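Q: please work out how this folds:
(4 chains)
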4 protein chains.
Amino acid sequence: MANFKGHALPGSFFLIVGLWWSVKYPLKYFHHKGLKKNRLSHQQERIEIIEGAVKTLFAVIGILAEQFVPDGPHLHLYHENQWIKLMNWQHSTMYLFFGVSGLMDMLTYLYFHIVPLGLDRVVLAMAVFIEGFLFYFHVHNRPPLDQHIHSLLLFGLFGAAISIFLEVILRDNIVLELFRTSLLILQGTWFWQIGFVLFPPFGRPEWDQKDMNNIMFITMCFCWHYLVALCIVAINYSLVYCFLTRVKRCAEGEIIGIQKLKSDHTYQSALLSGSDEE
Amino acid sequence: MANFKGHALPGSFFLIVGLWWSVKYPLKYFHHKGLKKNRLSHQQERIEIIEGAVKTLFAVIGILAEQFVPDGPHLHLYHENQWIKLMNWQHSTMYLFFGVSGLMDMLTYLYFHIVPLGLDRVVLAMAVFIEGFLFYFHVHNRPPLDQHIHSLLLFGLFGAAISIFLEVILRDNIVLELFRTSLLILQGTWFWQIGFVLFPPFGRPEWDQKDMNNIMFITMCFCWHYLVALCIVAINYSLVYCFLTRVKRCAEGEIIGIQKLKSDHTYQSALLSGSDEE
Amino acid sequence: MANFKGHALPGSFFLIVGLWWSVKYPLKYFHHKGLKKNRLSHQQERIEIIEGAVKTLFAVIGILAEQFVPDGPHLHLYHENQWIKLMNWQHSTMYLFFGVSGLMDMLTYLYFHIVPLGLDRVVLAMAVFIEGFLFYFHVHNRPPLDQHIHSLLLFGLFGAAISIFLEVILRDNIVLELFRTSLLILQGTWFWQIGFVLFPPFGRPEWDQKDMNNIMFITMCFCWHYLVALCIVAINYSLVYCFLTRVKRCAEGEIIGIQKLKSDHTYQSALLSGSDEE
Amino acid sequence: MANFKGHALPGSFFLIVGLWWSVKYPLKYFHHKGLKKNRLSHQQERIEIIEGAVKTLFAVIGILAEQFVPDGPHLHLYHENQWIKLMNWQHSTMYLFFGVSGLMDMLTYLYFHIVPLGLDRVVLAMAVFIEGFLFYFHVHNRPPLDQHIHSLLLFGLFGAAISIFLEVILRDNIVLELFRTSLLILQGTWFWQIGFVLFPPFGRPEWDQKDMNNIMFITMCFCWHYLVALCIVAINYSLVYCFLTRVKRCAEGEIIGIQKLKSDHTYQSALLSGSDEE
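A: Predicted coordinates:
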């Protein structure tokens, strides 16, 4: 879907997942740090399963949208010696791999005694790699700016693929998880940027796709997007910390209160028993 | 052997090895998990040695086939200022390295107190790397589609080479083993695909080797092949699990049966001895 | 700032930081080795925080300089359908990321119970990577020598980025830290070299920017710079060792002296008490 | 020195070092395995220091040879607006780094309580990397075969650089050491091959430097060289094993003999004491 919506939709999707991760991973980190153990609780497993299910659902929706939009291929691949709507098919393939990754996530936490840990990360790394792989061969024969703006995405994608593959060995490493989160948010905001540049909405003027200055600006802009992504992750990380600290304080306050009540009660009962003894 | 057979034969070979691995590694994994130990039993060592021998045998057959097909070089390399049948020699070289890798596998398990663990993986990684290396310089001056379809193979090959090299450090890691298996199956099915595209059998029409759409389709098709490879690995993995669970249940059933028999026997003997006591 | 100063200034900055690191890391190494523990003392944490603050300050100064030099963009980015002074904006972006890295260093050591260790290295690796990334797209459409002399920098930058990323896993590894230090000093001296080659000061003759021999010489010169960087690190390392050994010897000498004094005193007091006892 | 000797000399040097390593590392491996400890004995440290000294000596000889051959630069770098004999200077630079690596090896084992382990590997990796780096920019504007035959060397060099860098973390890993050895032998034999191809000795006919078939053959030939290198390493490895086993058996035979003598002596003394007791 080579239009503004076609870039804004996956962008929003990646952004939402990225924001969710930037809350989830700090929560998990502080939770485990407090408990000094490294296993997931049943509740966390349930969250992972739901996340996998949502990912699969979104992927299915993405595939259906790509296939059954009015100018989509409607599941036809080949007709009268011609491939039909290969772009849509490529996008469907990307979604398909994210769907498989979602399924794998679910299987990993549903059948944790059967599926070896790490397979979900391999499949996710492959899904991200294949997105980059298809994008790489996607942008031939296009104007320079279009080609450049899409190929910048590849840095984020291949970086994320390597980082996720590393998680096979270094699972539950908060640094790698936050790095992955920042790259995902980058991807989300960058999709929006692509939409704004290639298909200017609100009747804005077109960009000159061959101007070297535009390409230079876009390169720099990509770095700024990463900075924004870093800031979002940092802000959500500290918000989670503040929230947890407050919750803990309240809980402790209650405990102290209860203990106070208890000790009062003990005192009273002591008094009573004392008066009884008299 | 630039024809359909010349691609179908190695494809079948890789496919068979891949399918075998997709059964072997889950078996090994569940076996070790049940026993909570990490050493290979004598039986498993014997299987590894046989696998190495079969690999070596297949490589020798491959070399002989490449050399002594009617239009092969018949072991002649240079004649009247010209290299003879360099293609066949290159294929022979690829087989040669897989043969050496097979030999190394045998040596590793036959003389496990002499040969350091990990050397077999280095040699296998080098065999895979050299296959990719020769392919890379193999496809110059060919039509675009031919070049592209062969170079896609390189992604699988170099990925596998890196993954196998990692196994030097992380030996017996089920995730890396399954990843390698999936890449091997991909290679097997892709060789068949190359055969079908470049040398259409059954009198089908030729592909236009310069059409950009064909190249785009083939790129996407490569991803689908990987998905199929993932599915095959997943199915075989769960089949092995089901099979092992059933075997275990039967074995336990028998044990319970035997125990029951035993206790009956004890009971009887107790009765008998009781009657004796009377 | 495409002139001699514009290269000499960041060069000096990198050189100073590199020299500082080549003293700091050996000091830390010998300190920890002597104490056989691996945690930072409060004093060392304070040093790290000051280093982060200085880094941030320098980055802010760099940004302000790039923006408010007479021919700078003065924070204007877009005017009358044209990007303004993109070069300066790109340099500002580079400084910006080093500033963020400095901030992250401060946060890591100020709130060490909140911020997970390793994040500072990821952000530093990203800052270095983004410097290389912007340089890579920086030098299009320039004369060959200019392009080559800048792209040699990329080897150092991407090497440093990978090495710093490795420190996420292998934190406080003296070998990686010294390697990083040598690459930073290389960068510092190389910036000076670029200044001398592209903008010869003191009225020296211009270099022929298309002469292949100049390019070959510059390549070799880059290696010599690395050799110089290695030597500087080695010299500072051994100076730190000598200094620490001397300090230790003095301290031990004092202790021995004090002990001597003490024992004399004991002797005297023993004598006195002896005389008292009489 | 662009002639047959100029390739045969470094080739022989690399080959000799490679052969020496293919004996040294298996010896070290079996020695440590037998003793079940992982520290170097004083004798082994002395060997490492001598190796470093020899490496440095060879490097100095190489530099002097490159500088003071009749058509060498005689330490002049720049004369009348022209760089003098840049080729010789580049080769000198390569030797220089190997000399520094030799020095570093000596320092590591002489001052093992000061120099952190792993620095010698980093410097060696950099020496190998810089050899590849200079070769990469060395071969511009040459005929295709010349360019190709030199660039094949880069695969070996960069592979070795990565493998040596890995040894910083995984020091004394026999698999990495043997891999490095095989790559070094490959380099040695390949230098000879380059000499034979580009400067055919004994009045042989010149190679057509633009023939695609020659390039294809050379690529394959490179793989064969690696196979030969693997075989040499394997043969030396097993020879060392056989030698050590025989030595051990002899030593045990002697011990048994001595014990027999001893027990005879005991017997005799027992007899004597027995006779004394009588």
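Q: retrieve the pLDDT associated with the closest residue to chain D within chain A.
A: Across chain A, the shortest distance to chain D (C-beta to the nearest C-beta) belongs to A:Ile169, at 13.0 Å. From N, CA and C alone the C-beta is placed, and that goes for glycine too. Listed pLDDT for A:Ile169 reads 89.
Q: can you name the residues of chain A that neighbour chain C?
A: By the rule C-beta under 8 Å from any C-beta of the partner chain, the part of chain A lying against chain C is A:29, A:155, A:170, A:173-176, A:178-179, A:212-217, A:219-220, A:223-224, A:226-227, A:230, A:238, A:241.
Q: neighbours of the closest residue to chain B within chain A, how many?
A: Scanning chain A for the residue nearest chain B gives A:Gly118, at 4.0 Å (criterion: C-beta to the nearest C-beta). Neighbour count of A:Gly118, defined by other C-beta atoms under 10 Å in any protein chain shown: 20.
Q: A:Phe179 now?
A: 27.
Q: need phi/psi at it.
A: Main-chain dihedrals, A:Phe179, degrees, to the nearest 10: phi -60, psi -50.
Q: distance of it relative to B:Arg204?
A: The gap separating A:Phe179 from B:Arg204 is 48 Å, by C-beta to C-beta, to the nearest Å.
Q: same deal with A:Lys55?
A: 39 Å.
Q: same check on A:Leu244?
A: 64 Å.
Q: could you do A:Gln90 as well?
A: 24 Å.
Q: does stretch A:101-116 reach chain B?
A: Yes - using C-beta under 8 Å from any C-beta, stretch A:101-116 reaches chain B at A:Ile114, A:Pro116.
Q: which regions of the stretch 1-150 of chain A sit below the pLDDT cut-off?
A: Low-confidence segments of the stretch 1-150 of chain A, defined by pLDDT under 70: A:1-2, A:35-40.
Q: which stretches of it form helices?
A: Per DSSP state H, counting those that start in this stretch, the stretch 1-150 of chain A carries helices over the ranges A:4-35, A:42-68, A:86-110, A:119-136, A:144-169.
Q: let me have those in TSV, adding distance to B:Phe4 as columns.
A: TSV is the format used below for the helices of the stretch 1-150 of chain A (distance: least, C-beta to C-beta, whole Å):
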stretch	distance to B:Phe4
helix A:4-35	40
helix A:42-68	33
helix A:86-110	26
helix A:119-136	27
helix A:144-169	34
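Q: I'd like those laid out as a markdown table, including distance to D:Gln44 and mean neighbour count.
A: Listed next are the helices of the stretch 1-150 of chain A as a markdown table, based on distance: least, C-beta to C-beta, whole Å; neighbours: other C-beta atoms under 10 Å in any protein chain shown:
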| stretch | distance to D:Gln44 | mean neighbour count |
| --- | --- | --- |
| helix A:4-35 | 45 | 18 |
| helix A:42-68 | 51 | 16 |
| helix A:86-110 | 47 | 21 |
| helix A:119-136 | 41 | 23 |
| helix A:144-169 | 32 | 19 |
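Q: OK, now which residue of the stretch 101-250 of chain A is nearest to chain C?
A: For the stretch 101-250 of chain A, C-beta to the nearest C-beta, closest residue to chain C: A:Val175, 4.0 Å.
Q: nearest residue to that residue other than its sequence neighbours?
A: Once flanking residues are discounted, A:Val175 sits nearest to C:Gly118: 4.0 Å by C-beta to C-beta, 6 or more residues apart in numbering or on different chains.
Q: run through the residues that contact that neighbour.
A: A:Asn173, A:Val175, C:Glu167, C:Val168, C:Ile169, C:Arg171 (C-beta atoms under 8 Å, 6 or more residues apart in numbering or on different chains).
Q: switch to 10 Å and redo it
A: A:Asn173, A:Ile174, A:Val175, A:Leu176, A:Leu178, A:Phe179, C:Thr108, C:Phe165, C:Glu167, C:Val168, C:Ile169, C:Arg171 (C-beta atoms under 10 Å, 6 or more residues apart in numbering or on different chains).
Q: what does A:His74 give?
A: A:Gln67, A:Phe68, A:Ile84, A:Lys85, A:Asn88.
Q: repeat that for A:Pro200.
A: A:Pro200 touches A:Phe4, A:Glu206, A:Trp207, counting by C-beta under 10 Å, 6+ apart.
Q: make CSV from the residues you listed and add distance to chain B to it.
A: Shown next, in CSV, are the contacts of A:Pro200 (distance: C-beta to the nearest C-beta, whole Å):
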residue, distance to chain B
A:Phe4, 23
A:Glu206, 25
A:Trp207, 25
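Q: residues in contact with the closest residue to A:Val100 other than its chain neighbours?
A: Among residues not flanking A:Val100 along the chain, A:Val123 sits closest, at 6.2 Å (C-beta to C-beta, 6+ apart). Applying C-beta under 10 Å, 6+ apart to A:Val123 gives the contacts A:97-98, A:100-105, A:107-108, A:164, B:179, B:182, B:230, B:234.
Q: same check on A:Ile47?
A: A:Lys24, A:Leu27, A:Lys28, A:Leu40, A:Ser41, A:Tyr109.
Q: go ahead and confirm the last one touches A:Asp120.
A: Yes - look at A:Tyr109 against A:Asp120 with C-beta atoms under 10 Å: they come within range, at 8.3 Å.
Q: between the two, what contacts are shared?
A: By C-beta under 10 Å, 6+ apart, the residues touching both A:Tyr109 and A:Asp120 are A:Glu48, A:Gly52.
Q: my guess is A:Leu176 contacts A:Gly159. True?
A: No - using C-beta under 10 Å, A:Leu176 is not in contact with A:Gly159; the gap is 11.4 Å.
Q: write out the residues of the stretch 151-278 of chain A neighbouring chain B.
A: Within the stretch 151-278 of chain A, the positions near chain B by C-beta under 10 Å from any C-beta of the partner chain are A:Phe165, A:Val168, A:Ile169.
Q: if we can go back for a sec, quick one: the residue nearest to A:Val175 from B:Ser238, how far?
A: 37 Å.
Q: what of A:Leu27?
A: In terms of C-beta to C-beta, A:Leu27 sits 32 Å off from B:Ser238.
Q: with adjacent residues omitted, what lies nearest to A:Ile215?
A: Among residues not flanking A:Ile215 along the chain, A:His148 sits closest, at 5.1 Å (C-beta to C-beta, 6+ apart).
Q: actually A:Phe30, not the one I wrote
A: Leaving aside its chain neighbours, A:Phe30 sits nearest to A:Leu244 (5.2 Å; criterion: C-beta to C-beta, 6+ apart).
Q: report the contact partners of the one you found.
A: A:Pro26, A:Leu27, A:Phe30, A:His31, A:Gly34.
Q: give me the pLDDT value at it.
A: Reading off the model, A:Leu244 has pLDDT 89.
Q: separation between A:Ser182 and A:Ala161?
A: 15 Å.
Q: and for A:Tyr241?
A: Distance from A:Tyr241 to A:Ala161, by C-beta to C-beta: 29 Å.
Q: could you do A:Gly11 as well?
A: 19 Å.
Q: cool, A:His76 as well?
A: 31 Å.
Q: one more: A:Pro144?
A: 26 Å.
Q: A:Lys5: what's it in contact with?
A: By C-beta under 10 Å, 6+ apart, the neighbours of A:Lys5 are A:Ala65, A:Val69, A:Gly195, A:Phe199, A:Pro201.
Q: which residues touch A:Ser22?
A: A:177-178, A:181-182, A:184-185, A:229, A:232-237, A:239-240.
Q: oh, that last question was meant for A:Leu77, not what I typed.
A: A:Trp83, A:Ile84, A:Lys85, A:Leu86, A:Trp89, B:Phe217, B:Met220.
Q: possible to save those residues as CSV with distance to A:Ala251?
A: Listed next are the contacts of A:Leu77 as CSV, based on distance: C-beta to C-beta, whole Å:
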residue, distance to A:Ala251
A:Trp83, 61
A:Ile84, 60
A:Lys85, 56
A:Leu86, 57
A:Trp89, 53
B:Phe217, 59
B:Met220, 53
